[in-house]
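[1] Test case, fold it:
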Amino acid sequence: MQKFEGKPQSPQSTSRPVTRGNMYRGYEKKQRVRMKFAAVFLVSLMGLLFFLRTNHVQATPNLFAPTDLVIDLNEVDSFQAHYSLSTFQPWDEGYSLTVDGHNLTDGAITVPLSSISPILQSLHMLYPGTRPVFVQRWTDDYPNAEVNITLKDGRHLLITSQSQYGRLVPWNVQVWEGDPYENGTLQSSYILLHEDFHAGLSELWLELTGSTFPRDYGPERFWEYYEKTETIDFYVYASYAPGTAAKIMGAPTGVIEPFVPILKENSVIASLLEDGYSVFDLSFDVTVTVEQMRPVQYSGTIAFASPDGRDVIVTTVQIQLEPELVVETPLTKIEVENRLQERRGFTFLEEVNRLFPDVVYLLDTRASVESIAADCPENEDMDRTGFGVQALLRHHDNLPITFYYFDESEAWSMDLSLDRERGYWDDQIADTVLTHWFPADFPPLVTSDLSILATDF
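    Coordinates of the predicted model:
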């Protein structure tokens, strides 16, 4: 066994006496090592914290990461496309083609089935959407483009635009179970913000017509008339103002689900969902960056169904995605409780629930929506209403009914419209109204004899 005296040495080292100075220099070296280790640890810790913070801020918006729809040519059963342009082009230019082997044909025109490959391949980078959105800033120009692709499994891809922006952006992409115009069910909804779809459609249009699809120009023409901004707002259809005044209809689960994780970032919304409330409807305008064409904000209407499903609380919400995630709503839980307590305090409305089990009351808290009131200018003896509420009959195509309460008379009136030919009709509803809400001495009416039953204010 080799015996070492003093400090063990490696074969390569040379012997050095251990002096006080050497000991001090060794101490200094250890201190420098400790300080270097502490500095490295501190920098690493700071980097880790920055990484976690950065990923927290970025990870949540990534829930809105774009989606790709993958559709194979073999899945396609038929293809329809048309375009019209208001007063400038009052007629429709369109085609309805059916798959026949490796071709698409309407009997008179035949093109290869592969002609729609660029269109199918362009269904990428799709962002979540609620209702169709568009931008229109001048009159006498109302483009309307629609593509309806029927798949062999019964689904439909409905892709539409009414936008004046370059190449009809944004395109609204909806996936339907069944025909969208014949009681189909909406499964999901997206916004397409790039020009690839229009380019694919133009390739097909060249084969069909010899020219590209209408509106074949970029956004530069749009900005010829306006000062270019960093972002642009796309509004929900039929709304030239922000969609905070959108009508409540109830959105399908597939449309709502992509937004729920981010909505939970708001403490009030998270608390309501924990208490058993559910999102009943969403209607969002979208703010998009002009250069990258990427959503940076969703804003508009949100509606919550009460746990028992009898009432819907309507409010507004804004989801800011950049530079960091912020979800804001003016709604408070106290306001929710007060609105429910007020509505459920009316005995008559509770009786309506027994007549129409599917009735849902809309308790609207939006500042942009005027309170419901009925005035009777032709009847001076009738006082004004003190409370009004709109309701929907969910199992009857969301038929709207508005109820008004007259304080001084302590009586109720309602606004209902049934029309066999031009609107909506339901014998069951008509029978119920005639039986329960008409005076007993009113001459009896036979439902089958009626074509209109309306109490319009």
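[2] quick one: secondary structure of N338?
    Put simply, N338 is helix when judged by DSSP: H, G, I helix; E, B strand; the rest coil.
[3] got a list of what it touches?
    Contacts for N338 (CB atoms under 8 Å, 6 or more residues apart in numbering) come out as none. The way it works is simple: take the backbone N, C-alpha and C, and place the C-beta from them, glycine included.
[4] same thing with E342?
    F387.
[5] Tell me how far it lies from S161.
    According to CB to CB, to the nearest Å, E342 and S161 sit 42 Å apart.
[6] What of T301?
    Counting by CB to CB, the gap from T301 to S161 is 22 Å.
[7] For my notes, confirm R167 occurs in a helix.
    Yes. Remark: R167 belongs to a helix, assigned using three-state DSSP.
[8] Surely it touches E220?
    No. Contact criterion CB atoms under 8 Å: R167 and E220 do not qualify, at 11.1 Å.
[9] Of the two, which one has the most company?
    R167 (23 against 9; other CB atoms under 10 Å).
[10] From L192, how far out is the residue nearest to H198 when sequence neighbours are not counted?
    Take H198 and drop its neighbours on the chain: the residue closest to it by CB to CB, 6 or more residues apart in numbering is R167, 3.9 Å away. As judged by CB to CB, R167 and L192 stand 11 Å apart.
[11] cool, E224 as well?
    From E224 to L192 the distance is 24 Å (CB to CB).
[12] got it, and L321?
    Distance, L321 to L192, using CB to CB: 18 Å.
[13] Same drill for these two, tell me which one is more crowded.
    L192 (26 against 20).
[14] contacting residues around that one?
    122-123, 125-126, 159, 169-173.
[15] Could you list the low-pLDDT ranges of this structure?
    For the chain, the stretches flagged by pLDDT under 70 are 1-63, 87-91, 238-244, 375-385, 456-457.
[16] Let me see the ranges of the helices in it.
    20-59, 117-121, 196-209, 253-256, 260-263, 267-274, 333-344, 347-355, 427-436 (DSSP state H).
[17] one step back: which of the contacts of L192 lies closest to V352?
    For the contacts of L192, the residue nearest V352 by CB to CB is N172; the value is 36.1 Å.
[18] And for the spatially closest residue to L208 that is not a sequence neighbour, the neighbour number?
    In space, and not counting its chain neighbours, L208 is closest to Y95: 6.0 Å by CB to CB, 6+ apart. By the criterion of other CB under 10 Å, Y95 has 18 neighbours.
[19] ok, now which ones touch Y95?
    Contact partners of Y95, counting by CB under 8 Å, 6+ apart, are 79-82, 106, 109, 208.
[20] Tell me what it is bridged to.
    A81 (DSSP bridges).
[21] how close does the most centrally placed residue in the chain sit to V268?
    For the chain, T130 is the residue whose C-alpha lies nearest the centre (CA atoms, centre = their mean; 2.1 Å). Distance of T130 to V268, given as CB to CB: 20 Å.
[22] So what's the residue count around the residue nearest to L263 when sequence neighbours are not counted?
    Excluding its sequence neighbours, the residue lying closest to L263 (CB to CB, 6+ apart) is I269, at 5.0 Å. I269: 23 surrounding residues under other CB under 10 Å.
[23] So what's the residue count around the closest residue to V173 other than its chain neighbours?
    Distance criterion CB to CB, 6+ apart; nearest residue to V173, sequence neighbours excluded, is Y190 at 4.3 Å. A count of neighbours around Y190, defined by other CB under 10 Å, yields 23.
[24] wait, G129 sits on W171?
    No. Assessed by CB under 8 Å, G129 is found out of contact with W171, at 10.1 Å.
[25] got any residues that touch both of the two?
    In contact with both G129 and W171: I191, using CB under 8 Å, 6+ apart.
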